[in-house]
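**Q** Provided below for reference: sequence and predicted model.
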Amino acid sequence: MTKQWYIIQIIPGNEEKVKSEILKRIQELKMQDFFGDILIPEAKQISSFSTLEEKSEQLFPGYMIVSLVPEPEFFRLVKTVPRVIRFLGGESPIPLSIEEVERIVAQVKGEVKVIKQQEILFVVGREVEIISGPFSGFSGIINSVDDIKQRLVVMVSIFNRLTPVEIMFDQVKT
(Lines give C-alpha, C1' and ligand atoms only; values in the text may rest on other atoms or scores of the structure.)
Protein backbone atom coordinates (compact mmCIF):
# COMPACT_ATOMS: atom_id res chain seq x y z
CA MET A 1 0.00 0.00 0.00
CA THR A 2 1.83 3.02 -1.32
CA LYS A 3 0.94 6.49 -0.12
CA GLN A 4 0.44 9.24 -2.65
CA TRP A 5 0.18 13.01 -2.31
CA TYR A 6 -3.09 14.82 -2.97
CA ILE A 7 -4.17 18.45 -2.88
CA ILE A 8 -7.17 19.41 -0.79
CA GLN A 9 -8.99 22.70 -1.07
CA ILE A 10 -10.10 24.26 2.20
CA ILE A 11 -11.63 27.51 3.36
CA PRO A 12 -8.68 29.98 3.32
CA GLY A 13 -7.30 30.95 6.72
CA ASN A 14 -8.20 27.62 8.33
CA GLU A 15 -5.13 25.63 7.32
CA GLU A 16 -3.84 24.96 10.86
CA LYS A 17 -7.32 24.07 12.19
CA VAL A 18 -7.95 21.62 9.35
CA LYS A 19 -4.52 20.03 9.75
CA SER A 20 -5.00 19.47 13.49
CA GLU A 21 -8.52 18.10 12.97
CA ILE A 22 -7.32 15.60 10.34
CA LEU A 23 -4.46 14.50 12.61
CA LYS A 24 -6.90 14.13 15.52
CA ARG A 25 -9.25 11.92 13.48
CA ILE A 26 -6.37 9.78 12.20
CA GLN A 27 -5.24 9.24 15.80
CA GLU A 28 -8.76 8.45 17.10
CA LEU A 29 -9.41 5.90 14.35
CA LYS A 30 -5.87 4.45 14.61
CA MET A 31 -5.17 5.00 10.90
CA GLN A 32 -1.58 6.32 11.22
CA ASP A 33 -0.29 3.56 8.90
CA PHE A 34 -2.47 4.81 6.03
CA PHE A 35 -1.55 8.49 6.23
CA GLY A 36 1.75 10.32 5.87
CA ASP A 37 2.56 14.01 6.25
CA ILE A 38 0.12 16.86 5.92
CA LEU A 39 1.78 20.00 4.57
CA ILE A 40 0.69 23.60 4.40
CA PRO A 41 2.78 24.85 1.46
CA GLU A 42 4.69 27.94 2.50
CA ALA A 43 8.07 29.42 1.70
CA LYS A 44 10.52 31.90 3.12
CA GLN A 45 10.06 35.09 1.16
CA ILE A 46 12.60 37.84 0.78
CA SER A 47 11.27 41.34 0.30
CA SER A 48 12.54 42.83 -2.95
CA PHE A 49 13.35 46.03 -1.04
CA SER A 50 15.43 44.47 1.71
CA THR A 51 17.49 41.32 1.58
CA LEU A 52 17.46 41.23 5.39
CA GLU A 53 13.68 40.88 5.69
CA GLU A 54 12.59 37.24 5.47
CA LYS A 55 9.24 35.86 6.48
CA SER A 56 7.22 32.72 5.92
CA GLU A 57 4.25 33.11 3.66
CA GLN A 58 1.75 30.60 2.33
CA LEU A 59 2.31 29.66 -1.28
CA PHE A 60 -1.27 28.54 -1.94
CA PRO A 61 -3.74 29.95 0.62
CA GLY A 62 -6.74 27.67 0.87
CA TYR A 63 -4.84 24.54 -0.20
CA MET A 64 -2.94 21.79 1.63
CA ILE A 65 -1.28 18.59 0.53
CA VAL A 66 -1.81 15.30 2.28
CA SER A 67 -0.10 11.95 1.87
CA LEU A 68 -2.42 8.93 2.10
CA VAL A 69 -3.14 5.47 0.74
CA PRO A 70 -5.60 6.05 -2.14
CA GLU A 71 -8.66 4.23 -0.77
CA PRO A 72 -12.23 5.61 -0.65
CA GLU A 73 -12.47 5.38 3.16
CA PHE A 74 -9.34 7.54 3.61
CA PHE A 75 -10.55 10.14 1.09
CA ARG A 76 -13.89 10.17 2.94
CA LEU A 77 -12.15 10.74 6.31
CA VAL A 78 -10.45 13.88 4.95
CA LYS A 79 -13.50 15.16 3.02
CA THR A 80 -15.75 15.03 6.10
CA VAL A 81 -13.48 17.34 8.15
CA PRO A 82 -15.13 20.75 8.64
CA ARG A 83 -13.75 23.49 6.37
CA VAL A 84 -12.50 20.98 3.77
CA ILE A 85 -14.12 21.82 0.44
CA ARG A 86 -12.85 19.03 -1.82
CA PHE A 87 -9.92 17.11 -3.23
CA LEU A 88 -8.56 18.47 -6.50
CA GLY A 89 -9.88 16.17 -9.14
CA GLY A 90 -13.32 15.84 -7.52
CA GLU A 91 -14.67 12.31 -7.16
CA SER A 92 -11.45 10.77 -8.51
CA PRO A 93 -8.62 12.81 -6.92
CA ILE A 94 -5.45 13.17 -8.96
CA PRO A 95 -2.16 12.44 -7.15
CA LEU A 96 0.76 14.87 -7.43
CA SER A 97 3.86 13.80 -9.32
CA ILE A 98 7.04 13.11 -7.34
CA GLU A 99 8.69 16.20 -8.90
CA GLU A 100 5.84 18.46 -7.76
CA VAL A 101 6.00 17.09 -4.22
CA GLU A 102 9.81 17.46 -4.06
CA ARG A 103 9.57 21.10 -5.18
CA ILE A 104 6.91 21.93 -2.57
CA VAL A 105 8.77 20.09 0.21
CA ALA A 106 12.00 21.96 -0.69
CA GLN A 107 10.14 25.27 -0.38
CA VAL A 108 8.54 24.27 2.94
CA LYS A 109 11.95 23.25 4.34
CA GLY A 110 13.37 26.64 3.32
CA GLU A 111 15.73 25.21 0.69
CA VAL A 112 14.14 27.45 -1.93
CA LYS A 113 13.54 31.12 -1.25
CA VAL A 114 10.99 33.11 -3.18
CA ILE A 115 11.54 36.78 -3.95
CA LYS A 116 8.37 38.64 -3.15
CA GLN A 117 7.22 40.99 -5.87
CA GLN A 118 7.30 44.62 -4.86
CA GLU A 119 3.94 45.77 -3.55
CA ILE A 120 4.29 49.25 -5.06
CA LEU A 121 5.12 49.44 -8.73
CA PHE A 122 7.63 52.05 -9.76
CA VAL A 123 6.01 54.78 -11.83
CA VAL A 124 7.71 57.46 -13.94
CA GLY A 125 7.42 60.80 -12.14
CA ARG A 126 7.24 59.33 -8.61
CA GLU A 127 9.74 60.56 -6.03
CA VAL A 128 12.00 57.95 -4.43
CA GLU A 129 14.70 57.96 -1.78
CA ILE A 130 17.97 56.17 -2.54
CA ILE A 131 18.84 53.98 0.45
CA SER A 132 22.07 52.26 -0.66
CA GLY A 133 24.99 52.68 -3.02
CA PRO A 134 27.07 55.76 -3.83
CA PHE A 135 23.98 58.02 -3.98
CA SER A 136 22.57 56.88 -0.63
CA GLY A 137 20.65 59.68 1.08
CA PHE A 138 19.70 61.43 -2.18
CA SER A 139 16.12 61.79 -3.36
CA GLY A 140 15.07 61.93 -6.96
CA ILE A 141 12.32 61.52 -9.53
CA ILE A 142 11.93 58.30 -11.54
CA ASN A 143 12.72 58.99 -15.20
CA SER A 144 12.43 55.44 -16.55
CA VAL A 145 11.72 51.89 -15.31
CA ASP A 146 13.19 48.62 -16.63
CA ASP A 147 11.15 45.82 -15.00
CA ILE A 148 13.13 43.06 -16.69
CA LYS A 149 16.53 44.19 -15.38
CA GLN A 150 14.93 45.65 -12.21
CA ARG A 151 16.61 49.01 -12.76
CA LEU A 152 15.48 52.62 -12.55
CA VAL A 153 16.87 55.81 -13.99
CA VAL A 154 16.37 58.45 -11.31
CA MET A 155 16.96 62.16 -11.86
CA VAL A 156 19.00 63.37 -8.88
CA SER A 157 20.00 66.99 -8.18
CA ILE A 158 23.81 67.16 -7.92
CA PHE A 159 25.36 70.66 -7.69
CA ASN A 160 21.95 72.13 -8.66
CA ARG A 161 21.85 70.08 -11.87
CA LEU A 162 19.51 67.17 -12.58
CA THR A 163 21.67 64.14 -13.29
CA PRO A 164 20.38 60.72 -14.42
CA VAL A 165 21.49 57.91 -12.10
CA GLU A 166 20.87 54.22 -12.89
CA ILE A 167 20.08 52.13 -9.80
CA MET A 168 18.51 48.80 -8.88
CA PHE A 169 14.98 48.43 -7.46
CA ASP A 170 16.34 47.29 -4.08
CA GLN A 171 18.42 50.49 -3.70
CA VAL A 172 15.36 52.77 -3.33
CA LYS A 173 12.27 53.16 -1.27
CA THR A 174 9.14 55.02 -2.22
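**A** Sure thing, it's come through.
**Q** ranges for the strands of this protein?
**A** 4-10, 35-39, 42-47, 54-58, 63-68, 84-87, 113-116, 127-130, 139-146, 151-158, 161-168, 172-173 (DSSP state E).
**Q** What is the longest helix of the protein by residue count?
**A** helix 15-28 (DSSP state H).
**Q** That one vs strand 35-39, what angle?
**A** Relative orientation of helix 15-28 versus strand 35-39 (axes from the mean of the first three to the mean of the last three CA atoms, to 10 degrees): 170 degrees.
**Q** ok, residue 132 - contacts?
**A** 170, 171 (CB atoms under 8 Å, 6 or more residues apart in numbering). (Each C-beta comes from the backbone N, C-alpha and C, glycine too.)
**Q** and the gap between it and residue 166?
**A** Look at residue 132 and residue 166: by CB to CB, to the nearest Å, they are 14 Å apart.
**Q** again with residue 155
**A** For residue 155 relative to residue 166 (CB to CB), the value is 11 Å.
**Q** And for residue 36?
**A** 51 Å.
**Q** and what of residue 34?
**A** Taken as CB to CB, the span from residue 34 to residue 166 is 59 Å.
**Q** Between these two, which has more neighbouring residues?
**A** residue 34 (18 against 12; other CB atoms under 10 Å).
**Q** And for that one, nearest residue in space, chain neighbours not counted?
**A** Excluding its sequence neighbours, the residue lying closest to residue 34 (CB to CB, 6 or more residues apart in numbering) is residue 69, at 4.5 Å.
**Q** okay, now the one you found: neighbour count?
**A** Residue 69 has 16 neighbours, counted by other CB under 10 Å.
**Q** Next one, pLDDT for it please.
**A** pLDDT for residue 69: 95.
**Q** Would you confirm that it contacts residue 1?
**A** Yes. Contact criterion CB atoms under 8 Å: residue 69 and residue 1 qualify, at 4.7 Å.
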